[in-house]
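In: the amino acid sequence is not available; the structure is as follows:
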């Protein structure tokens with residue numbers, strides 16, 4: 001019997017295992033109060049300060065790194081919304097899986113472990129050890 005391979009980009013096995021292990025814990029999805037739009041500030045592996053927008057709808061969302069105006073060459077991964085999955089491992093921590101390779105195979109998937117500081121602030125670090133801070137964006141209605 002011949003095996004048929006899918007053209008869809010899949011999560012690496014380690015990420016799938018992590019998701020399954022976390023889902024087996026106390027809380028398998030992000031808290032609904034984390035839904036909304038967030039402004040992220042973080043440092044790249046080259047220690048450049050960057051910003052991104054995270055839009056969360058319960059346990060899924062999109063991550064868009066904002067293009068840098070001062071760059072001559074534009075990064076192929078900037079400005080593209082990447083799918084995000086959030087998995088809670090308790091009421092005060094969330095793991096964010098940024099699935100960039102689903103949109104562009106040249107873009108790197110990233111994971112960040114976040115701690116809830118308050119209803120408008122999340123802080124943590126990427127698996128590389130670089131710090132990330134997210135602040136909720138309040139919109140006027």
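Out: Alright, I've got the coordinates. Quick caveat: nothing in here was measured; it's all calculated off a predicted structure.

In: can you pull the contacts of the residue most central in space within the chain?
Out: The residue lying closest to the centre of the chain (CA atoms, centre = their mean) is residue 98, at 3.7 Å. Residues near residue 98 by CB atoms under 8 Å, 6 or more residues apart in numbering: 63, 82-84, 109-112. C-betas here are computed from N, CA, C, even on glycine.

In: got a ChimeraX select line for the buried ones in these?
Out: Only the buried members of these end up in this ChimeraX selection, burial being decided by 16 or more other CB atoms under 10 Å:
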select :63,82,84,109,110,111,112
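
In: can you pull out the strands in this structure?
Out: Assignment of strands within the chain using DSSP state E yields the ranges 36-43, 49-57, 60-65, 82-88, 93-98, 110-118, 121-126, 131-137.

In: identify the residues contacting the last one?
Out: It refers to strand 131-137. Residues from elsewhere that reach strand 131-137 (CB under 8 Å, 6+ apart): 36-43, 53-54, 112, 114, 119-126.

In: where does the protein dip in pLDDT?
Out: Along the chain, the model assigns pLDDT under 70 to residues 1-33, 71-73, 89-91, 141.

In: which among the strands of the chain is found nearest to residue 74?
Out: Proximity to residue 74 (CB to CB) singles out strand 60-65 among these, at 11.2 Å.

In: for that closest one, which strands pair with it and how are they oriented?
Out: Applying DSSP bridges, strand 60-65 is found paired with strand 49-57 (antiparallel), strand 82-88 (antiparallel).

In: in that strand, what's buried?
Out: Across strand 60-65, burial judged by 16+ other CB under 10 Å covers 61-65.

In: how about TSV for these, with distance to residue 49 added?
Out: Output for the buried residues of strand 60-65, formatted as TSV (distance: CB to CB, whole Å):
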residue	distance to residue 49
61	22
62	21
63	17
64	17
65	12
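
In: out of the residues you listed, what pair is the most spread apart?
Out: For the buried residues of strand 60-65, the farthest-apart pair by CB to CB is 61 and 65; their separation is 13.9 Å.

In: tell me what the closest residue to residue 61 other than its chain neighbours is bridged to.
Out: Distances taken as CB to CB, 6 or more residues apart in numbering place residue 84 nearest to residue 61, at 4.5 Å, with adjacent residues excluded. With DSSP bridges applied, residue 84 shows beta-bridge pairing to residue 61, residue 98.
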